[in-house]
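Colleague: Fold the stuff below for me.
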Amino acid sequence: MEEHLSWEQICKKYPEEWVVLTEIDADEFTNEVFRGVVVDHGKNREGVFTRIAKPLAGKPHSVLFTGHSTAWANHY
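Modeller: Alright, predicted model coming up:
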């Protein structure tokens, strides 16, 4: 049986990694994730996407990063 983890537990278990979640419990307005089941994870986003593309096609899932994003670091 797959384990439901809180977002805090996921971040501690998979620090600075991309995680693929199913059975997601999230806020319907903000999309903040509260908990879910980790079905895959890895340091490389493209690798995670490649592995899940076929198995999860058409099924609800999210791919999220557990670390801090620097995407807006240079945005003014």
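Colleague: Can you show me the strands along the chain?
Modeller: Ranges of strands in the chain, per DSSP state E, are 4-6, 18-26, 33-42, 62-65.
Colleague: Could you dump these into a markdown table with distance to residue 55, mean neighbour count and mean pLDDT added?
Modeller: Where C-beta positions appear, they are placed from N, C-alpha and C, glycine not excepted. Putting the strands of the chain into a markdown table (distance: least, C-beta to C-beta, whole Å; neighbours: other C-beta atoms under 10 Å; pLDDT from 0 to 100) gives the following:
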| stretch | distance to residue 55 | mean neighbour count | mean pLDDT |
| --- | --- | --- | --- |
| strand 4-6 | 19 | 15 | 96 |
| strand 18-26 | 10 | 18 | 95 |
| strand 33-42 | 8 | 17 | 96 |
| strand 62-65 | 13 | 14 | 94 |
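Colleague: right, so of these, which gets closest to residue 51?
Modeller: Distance to residue 51, taken as C-beta to C-beta, is lowest for strand 33-42 among the strands of the chain, at 5.7 Å.
Colleague: Contacts for the closest one, please.
Modeller: 2-7, 10, 13-14, 17-27, 48, 51-52, 56, 61-62, 64 (C-beta atoms under 8 Å, 6 or more residues apart in numbering).
Colleague: Check stretch 21-30 too.
Modeller: Against stretch 21-30 from outside (C-beta under 8 Å, 6+ apart): 2, 4, 10, 32-39, 56, 59-64.
Colleague: let's see it at 7 Å
Modeller: Identification of contacts with stretch 21-30 by C-beta atoms under 7 Å, 6 or more residues apart in numbering yields 4, 32-39, 60-62, 64.
Colleague: Just flag the most distant two among these.
Modeller: 32 and 39 (19.9 Å).
Colleague: And the pLDDT at residue 69?
Modeller: With respect to pLDDT, residue 69 scores 70.
Colleague: do residue 2 as well
Modeller: 80.
Colleague: now it: how far from residue 16?
Modeller: Separation of residue 2 from residue 16 (C-beta to C-beta, to the nearest Å) stands at 22 Å.
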